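S.K.: sharing a model that was predicted from the sequence below.
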Amino acid sequence: MNAGSQRRPDAQVDSLTVFIAGDAPSSRQAMTNLTGVLDQLGIPPERLQVVDVLSDPAAALEAGALVTPSLQIKRGQRARWFLGDLTDQRDLLAFLS
Amino acid sequence: MSDQADRNRGDPSPAGADKRPTGIAGFDQLSRGGLPAGAATLLLGEPGAGKTVFALQTVANAATSDGTGAIFVAFEEAPEAIKANVAGFDWAAGADALAGVHFLDGRGPLQATTTGNFDVSGLLAQLGELVRRQNAGWIVLDGLDNVLDLLSTETDRRREIYRIADYVAELGLPALITGKLRADDAQALGSFDAMQFAVQTVVKLTGRVTNDVFGRSLRIVKYRGSDHDNIETPFVINQGGIAVAYHGDGVPQHELSSDRLSTGVGGLDRVLDGGYQRGYAVLVSGAPGTAKTTLGASFLSAGADRGETGLLVALDETHAQIVANASGIGLNLERQIAEGRIHALSMRSAALAPEAFFLAIERAIRTHQPSMVVIDPISAVTETRDHRGPFDAAARLVDFCKTRGITLLTTTLAEGVDDADTRSRVSTLADAWIALSYQVQMGERNRALSVVKARGIAHSNQVRELLIGADGAHLAEVYAGSGEVLMGAARVAQQAQDELDDAERALATERRRRELEHTIAETQARREALDAALESARRELELTDKAERKRQELDADKAGRIRRRREGDGA
């Protein structure tokens, strides 16, 4: 961890999970925006786990995902949430960079 | 509105198939059975109005009464904090009290970063999953405004509100959604303004300060497709949680029996043709020191001796003081309280709304099930406040007692009973009204008692003297002298004079009697002497007559013999 700032961003997070609701417009918008962010940061898309709360409500319950779309980023035991369709990406980029 | 009888009985109306009872005293009557069974109800109120308590009490009651589970999503406070806040209520006491309620911490979004448009599909998905897993019968979304306010536009908020309301209807479950009103003008925040249209039922809780006293009230603003009472109704939050001061909208149905309860005051039972009627509301009015409390204590104590159960409510005085005073006149309230035959309750009137008193008393009545209740003095609540409220509250308490056949005795501080306003107000509270006063005669004050009214009882309206001694209270025999009732020293003086007069009269009578007896004896003797003389004269007369007849016979015989001799000689 001592050389954290030099490491690739994908190594700084343990998991990336996005919760969507079927093909709701905001969920589709979020997927588009998120793909762009990951690409921009060089995070491989396979690191992103996608949960559709409509088909997997148990996962939503377990993670405590109350709104869709929402992105949960875990670092160790800590989870950070970004709600919404990621139209505003500044906080997310700052967090992942 | 129909006039179902059970509405007036203080018991919940039977919930229809389309309603779920809240189990909150008074609210189920107000709403004619509870909240919609398959739809969302919006509960609006300022911070601290009691929304969360209302919601949690409702689901706790459902869990207790028929084991119905609930999902409680806490958007504003941590579930642990909510549980701690309600732990003091009866229905939340004990480790398992809220076991049937599944809490979900919904504060996540508050700590998250908002990046754009979103919806509450995740919440709905979780609710669906939880309802399935827990077999829940109630849903509570507590503080939903916290999430909705994260949405950027009014249109988005409105859309999500309709989605939630629709989803609840789809699940077919009753749901309580709480939301804040602005404290300054009691208007709903933007989201809830829209929500009032989306839900079937809206209940508004408010709290305001009147005459320096904080009072709560609630109103069913809207209840689509259901009869309900939409009046602003006071409620309190006490140890039992929320209790709404509503006992029905129809004609009160009271159970009066012909059974009579002793007043505990010697002589008063006779005046009232046997005592207070069971189920009576008795009002004892009078100036300070006229023994109002004594009448209450005497009634309770006499009843407890007969095996009845009593409740003593002391306002602005400790019941220990009443007990101590009562022991001075031979009433053993202390033992009766120790033995559980009388329950005592002390309350301070200063900082509470009238409703708070009466609901606290109702609560004590529900707990102890007394057949006699004494409130001393009820004027501590009714007289120092503004106009109608306290009397309405007191009238509801009277109603509450009557429907249970409880005999209620209240005392009130009143200088006189001639004030028309007091008369009309008091009349509504009392079947029997006993007025106590002082009467000044011969430079002293004596307690006077009169029965102003006693519904359905043949009673004397004579003013009597009330005496209080070591053996309790009793009425002195009426002593009327020159057109007024004499009391105290005047009565004693008059009694002494009358006794003297009596003695003199008796003496005179005796003297006259003896004279007459003497006369009779004398006359009798004279009569006997005369009788004897008469008899003697009669006897004398008889003898005289006899002698005369004999002489005549002899004379006749003698003449015969002479004639015969003469005739013989001549032959």
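M.R.: Noted; the coordinates are in hand.

S.K.: which residues does the closest residue to residue B:76 other than its chain neighbours contact?
M.R.: Residue nearest to residue B:76 in three dimensions, not counting chain neighbours: residue B:143, with 3.3 Å by CB to CB, 6 or more residues apart in numbering or on different chains. To be clear about C-beta, it is placed using only N, CA and C from the backbone, and glycine gets the same treatment. If a contact means CB atoms under 8 Å, 6 or more residues apart in numbering or on different chains, then residue B:143 has B:52, B:74, B:75, B:76, B:77, B:106, B:178, B:179, B:180 as its contacts.

S.K.: now, the residues you listed that are in strands?
M.R.: Per DSSP state E, strands hold the following members of these: B:74, B:178, B:179, B:180.

S.K.: nearest to chain A among the residues you listed?
M.R.: Checking the ones in strands among the contacts of residue B:143 against chain A by CB to the nearest CB gives residue B:74 as the nearest, at 11.4 Å.

S.K.: for that closest one, give its distance to residue B:57.
M.R.: 15 Å (CB to CB, to the nearest Å).

S.K.: before we move on, which element is the residue lying closest to residue A:80 once chain neighbours are set aside in?
M.R.: Distances taken as CB to CB, 6+ apart place residue A:73 nearest to residue A:80, at 4.9 Å, with adjacent residues excluded. Secondary structure assignment for residue A:73, by DSSP states H and E: strand A:70-75.

S.K.: what angle separates the helix or strand following that strand from strand A:70-75?
M.R.: Sequence-wise, the next helix or strand downstream of strand A:70-75 (DSSP H and E) is strand A:78-83. Comparing the axes of strand A:78-83 and strand A:70-75 via axes from the mean of the first three to the mean of the last three CA atoms, to 10 degrees yields an angle of 160 degrees.

S.K.: and strand A:78-83, average pLDDT?
M.R.: Averaged over strand A:78-83, pLDDT sits at 92.

S.K.: with only the CA atoms kept, save it in CSV.
M.R.: C-alpha atoms of strand A:78-83 as CSV (Å, rounded to 0.1, in the frame of the first residue of the first chain):
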residue,chain,number,x,y,z
ARG,A,78,-15.7,-0.2,3.6
ALA,A,79,-18.3,0.4,0.9
ARG,A,80,-18.8,3.6,-0.9
TRP,A,81,-22.0,4.3,-2.8
PHE,A,82,-22.7,6.4,-5.9
LEU,A,83,-26.3,6.9,-6.6
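
S.K.: so what does that strand touch, helix or strand wise?
M.R.: Counting contacts by 3 or more CB pairs under 8 Å, 6 or more residues apart in numbering or on different chains; DSSP states H and E, strand A:78-83 packs against strand A:70-75, helix A:90-96, helix B:108-111, strand B:113-114.

S.K.: one more time with 6 Å
M.R.: strand A:70-75 (3 or more CB pairs under 6 Å, 6 or more residues apart in numbering or on different chains; DSSP states H and E).

S.K.: now do the residue nearest to residue B:76, the pLDDT please.
M.R.: Listed pLDDT for residue B:143 reads 92.

S.K.: shouldn't the residue nearest to residue A:80 be in contact with residue A:12?
M.R.: No. The pair residue A:73 / residue A:12 is not scored as a contact, 9.4 Å apart, by CB atoms under 6 Å.

S.K.: from chain A, how far out is the residue nearest to residue B:76?
M.R.: 12 Å (CB to the nearest CB, to the nearest Å).

S.K.: one step back: okay, now the residue nearest to residue A:80: neighbour count?
M.R.: By other CB atoms under 10 Å in any protein chain shown, the residues close to residue A:73 number 19.

S.K.: read off the pLDDT value for it.
M.R.: If you check residue A:73, the pLDDT there is 93.

S.K.: what's the distance between it and chain B?
M.R.: Residue A:73 is 10 Å from chain B, by CB to the nearest CB.

S.K.: what's near enough to touch that residue?
M.R.: By CB atoms under 6 Å, 6 or more residues apart in numbering or on different chains, the contact set of residue A:73 is A:13, A:16, A:80.

S.K.: any idea what it is bridged to?
M.R.: Beta-bridge partners recorded for residue A:73 (DSSP bridges): residue A:16, residue A:80.

S.K.: what's the closest non-adjacent residue to the residue nearest the centre of chain A?
M.R.: Closest to where the C-alpha atoms of chain A average out (CA atoms, centre = their mean) is residue A:71, at 3.6 Å. Setting aside the residues directly before and after it, residue A:71 is nearest to residue A:82 in space (CB to CB, 6+ apart), at 4.4 Å.

S.K.: which residue ranges of chain A form helices?
M.R.: With DSSP state H applied, chain A shows helices at A:25-41, A:57-63, A:90-96, listed in chain order.

S.K.: sheet-wise, list the partners of the strand or helix carrying residue B:242 with their directions.
M.R.: Assessed by DSSP H and E, residue B:242 sits inside strand B:241-244. Under the criterion DSSP bridges, strand B:241-244 sits next to strand B:233-238 (antiparallel) in its sheet.

S.K.: helices or strands next to the helix or strand of chain A with the lowest mean pLDDT in the packing?
M.R.: Least confident helix or strand, chain A: helix A:90-96 with a mean of 88, by mean pLDDT, DSSP states H and E. On a contact count with 3+ CB pairs under 6 Å, 6+ apart, helix A:90-96 meets no helix or strand.

S.K.: burial count for residue 49?
M.R.: Just so you know, I chose chain A. Neighbourhood size, residue A:49 [other CB under 10 Å]: 12.

S.K.: oops, chain B please
M.R.: Counted with other CB under 10 Å, residue B:49 comes out at 24.
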